[in-house]
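Peer 1: build me a structure from this.
(2 chains)
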Amino acid sequence: DAGVIQSPRHEVTEMGQEVTLRCKPISGHNSLFWYRQTMMRGLELLIYFNNNVPIDDSGMPEDRFSAKMPNASFSTLKIQPSEPRDSAVYFCASSTRLAGGFEQYFGPGTRLTVT
Amino acid sequence: DQQVKQNSPSLSVQEGRISILNCDYTNSMFDYFLWYKKYPAEGPTFLISISSIKDKNEDGRFTVFLNKSAKHLSLHIVPSQPGDSAVYFCAARGEYGNKLVFGAGTILRVKS
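Peer 2: Numbering: from 1, shown residues only, chains lettered A, B, ... in the order given. Take a look at the predicted model:
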């Protein structure tokens, strides 16, 4: 089974540019989560979707960040304009409640560097 | 405010011995707890979980213990192997929905 797929794996961009991160969740999973990991703040939840609908975006740092889930197999996280402080590793995770638990399965992450 | 705390940034253990990783939480409404393992340049990998109605869950070399009165959980790895060297995150399900709150992580080094 394919796990969560993220692209690109690495992104280097200049301040002010638009950045789009992509995620394909595990087939059959109906919840999708975007996380950001930094040394200072650890692993923090940005936003999550249930059945393609955004449920909680309280972790989105500011209006420069936006996320969409147009269908059950694809989501994007966009930063426009990007700033050096956005440099971090961004993870996507997916889950399903069919097994009764709350386990989330993570992708390999996208390492973003904004210069 | 950190609702899930892993107070030990790192732990070093000899191969074959027991590794004990600890986690404390502050919110008594948390009802499900998980441990993840993370290797460099990879995403966190789910290890083991426990519901708040239990006090122990075992899966092979990994056992998680939950002490609700102390708001404390621990992960025991027996015997420890060099391949267990990684960052271990404790997580708890929030008060509603499917959100998880993560601790800061503990680096485990297993020496051969």
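
Peer 1: measure the most centrally placed residue in chain A to residue B:75 for me?
Peer 2: Most central in chain A under CA atoms, centre = their mean is residue A:34, positioned 3.0 Å from the mean C-alpha point. In this structure, residue A:34 lies at 26 Å from residue B:75, with CB to CB, to the nearest Å as the measure. For glycine as for every other residue, the C-beta is placed from the backbone atoms N, C-alpha and C.

Peer 1: who's in contact with the residue in chain B that chain A sits nearest to?
Peer 2: Nearest to chain A in chain B, going by CB to the nearest CB, is residue B:43, at a distance of 3.3 Å. By CB atoms under 8 Å, 6 or more residues apart in numbering or on different chains, residue B:43 lies in contact with A:4, A:91, A:93, A:106-109.

Peer 1: pipe those residues into TSV and attach secondary structure and pLDDT per row.
Peer 2: What follows is these, written out as TSV (DSSP: H, G, I helix; E, B strand; the rest coil; pLDDT from 0 to 100):
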residue	secondary structure	pLDDT
A:4	coil	97
A:91	strand	98
A:93	strand	97
A:106	strand	97
A:107	coil	98
A:108	coil	97
A:109	coil	98
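
Peer 1: can you select the buried ones among those for me in ChimeraX?
Peer 2: The ChimeraX command for the buried members of these (criterion: 16 or more other CB atoms under 10 Å in any protein chain shown) is given here:
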select /A:4,91,93,106,107,108,109
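
Peer 1: could you work out the most separated pair of the contacts of residue B:43?
Peer 2: Put simply, by CB to CB the two of these set farthest apart are A:93 and A:108, 11.1 Å from each other.

Peer 1: show me which residues of chain A sit near chain B.
Peer 2: A:4, A:31, A:33, A:42-45, A:48, A:50, A:55-56, A:91, A:93, A:95, A:97, A:101-109 (CB under 8 Å from any CB of the partner chain).

Peer 1: what segments of chain B are strands?
Peer 2: B:4-5, B:10-14, B:19-25, B:32-38, B:45-51, B:56-59, B:62-67, B:72-77, B:86-93, B:100-102, B:106-111 (DSSP state E).

Peer 1: dump those strands to JSON lines, plus mean neighbour count.
Peer 2: As requested, those are exported to JSON lines (neighbours: other CB atoms under 10 Å in any protein chain shown):
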{"stretch": "strand B:4-5", "mean neighbour count": "20"}
{"stretch": "strand B:10-14", "mean neighbour count": "14"}
{"stretch": "strand B:19-25", "mean neighbour count": "21"}
{"stretch": "strand B:32-38", "mean neighbour count": "22"}
{"stretch": "strand B:45-51", "mean neighbour count": "17"}
{"stretch": "strand B:56-59", "mean neighbour count": "12"}
{"stretch": "strand B:62-67", "mean neighbour count": "18"}
{"stretch": "strand B:72-77", "mean neighbour count": "20"}
{"stretch": "strand B:86-93", "mean neighbour count": "23"}
{"stretch": "strand B:100-102", "mean neighbour count": "22"}
{"stretch": "strand B:106-111", "mean neighbour count": "17"}
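
Peer 1: I appreciate the help and will end here.
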